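1. Following is a predicted model, sequence given first.
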Amino acid sequence: MVEEADRFGGRLRAEADRLGVTTAGAVTVLGDGAEWIWNLAAEQALWVAA
């Protein structure tokens with residue numbers, strides 16, 4: 001499925017919550033260098049230690 005980054009971000013956060021991913025140690029962000037990937041990860045606070 002191809003969708004806008006903000007829409008994907010909502011699904012990403014929902015899946016992380018469903019899986020109980022709550023700490024930075026539980027997350028690896030893999031990107032191809034596209035700025036939107038890193039912006040999305042930062043917006044979702046995926047690598048910020050709680």
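-> Arrived safely, thanks for sending.
2. Quickly find the element holding Gly9.
-> Using DSSP states H and E, the element containing Gly9 is helix 5-19.
3. Check what pLDDT the closest residue to Arg13 other than its chain neighbours gets.
-> Counting by CB to CB, 6 or more residues apart in numbering, Arg13 lies nearest to Gln44, which is 5.2 Å off, once chain neighbours are set aside. (Each C-beta comes from the backbone N, C-alpha and C, glycine too.) Among the per-residue scores, Gln44 shows a pLDDT of 76.
4. OK, contacts around Gln44?
-> For Gln44, the contacting residues are 9, 12-13, 16, by CB atoms under 8 Å, 6 or more residues apart in numbering.
5. What separation do you get for it and Arg18?
-> 14 Å (CB to CB, to the nearest Å).
6. go on, Ile37?
-> With CB to CB as the criterion, Ile37 and Arg18 are 21 Å apart.
7. neighbour-wise, which of the two wins?
-> Neighbour count, other CB atoms under 10 Å: between Ile37 and Arg18, Ile37 has more, with 15 against 8.
8. List the buried residues of the helix or strand hosting that one.
-> Secondary structure from DSSP H and E places Ile37 in helix 35-43. By 16 or more other CB atoms under 10 Å, the buried positions in helix 35-43 come out as 40-41.
9. and it with helix 5-19, angle?
-> For helix 35-43 against helix 5-19, the angle by axes from the mean of the first three to the mean of the last three CA atoms, to 10 degrees is 40 degrees.
10. Give me the residue at the spatial middle of the chain.
-> Ala41 (4.2 Å; CA atoms, centre = their mean).
11. in this protein, what spans have low per-residue confidence?
-> The chain contains residues with pLDDT under 70 at 1, 24, 45-50.
12. one more time with 50
-> For the chain, applying pLDDT under 50 flags the ranges 49-50.
13. Return the distance of the residue nearest to Arg13 relative to Ala5.
-> From Gln44 over to Ala5 (counting by CB to CB), the distance is 11 Å.
14. How about Leu12?
-> From Leu12 across to Ala5, the span is 10 Å (CB to CB).
15. again with Asn39
-> In terms of CB to CB, Asn39 sits 8 Å off from Ala5.
16. now Asp32
-> 14 Å.
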